[in-house]
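Student: sequence first, predicted coordinates after that:
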Amino acid sequence: MKGRLAVMVATVGVVVLCRPMCPPDVAAAEEVRLKNGAPSVDNLVDQFMQALKERDKAKLRELRVTEAEYRGLILPGSVDEGKPRQHYNDEASSYFWSILDTKSIYTEANLLHAWGGRPLKLKSVAYRGGTKKYADYTAYKHLELKLEDETGTEDEMRIGSIAEKDGVYKFISYIQK
């Protein structure tokens, strides 16, 4: 078996090569925890809304998973419940993180520009993609926030997805779909 390559296809269509039985580049899921997250989806969304109101770019960033959380929990654990975790080499997992992080940073800037500083009232939260239990976490996919501004005008904000692990909630990204 030594020297043979196995091919795995990631969700974005990039092929990743990894030798069978190679040690994973990140810790096992039980060793990776979401840190500094919220105790509920409602609390996380409230913190998100407050960060927008205060135009707090650092707080928006803090509400999102870190590189270690993404590479150690989200990326390898994004398989159906009961299935083995995916293993990515360091180069591949770093690449996937850099794409997600870069797109989220630009989305954060757009959110702050479009919504920052405005007194918005949250009317409802929906998940256009539903919720899904993965091997290592539960995802609340593609949030849709119904908002009302100070004039009573209603609007809609579409943002990324939320992960929950052991009762801790964080945004995976703010990327709109």
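Tutor: Nice, thanks for sending it over. Numbering: from 1, shown residues only.

Student: only C-alpha atoms for contact and neighbour calcs from this point on.
Tutor: Will do.

Student: can you classify residue 111 by secondary structure?
Tutor: helix (DSSP: H, G, I helix; E, B strand; the rest coil).

Student: mind listing what it touches?
Tutor: Neighbour list for residue 111: residue 52 [criterion: CA atoms under 8 Å, 6 or more residues apart in numbering].

Student: got the confidence number for it?
Tutor: The model reports residue 111 with a pLDDT of 96.

Student: any figure for the gap between it and residue 52?
Tutor: Separation of residue 111 from residue 52 (CA to CA, to the nearest Å) stands at 8 Å.

Student: before we move on, what about residue 69?
Tutor: Distance, residue 69 to residue 52, by CA to CA: 23 Å.

Student: who has more neighbours out of the two?
Tutor: residue 52 (24 against 19; other CA atoms under 10 Å).

Student: next one: phi and psi at the nearest residue to that one once chain neighbours are set aside?
Tutor: Using CA to CA, 6 or more residues apart in numbering and skipping residues adjacent in sequence, the residue nearest residue 52 is residue 116, 4.6 Å away. Reported as degrees, to the nearest 10, the phi and psi values for residue 116 are phi -60, psi 140.

Student: what's the neighbour count on residue 116?
Tutor: The criterion is other CA under 10 Å. On that basis, residue 116 has 20 neighbouring residues.

Student: now do residue 34
Tutor: The burial count for residue 34: 22, using other CA under 10 Å.
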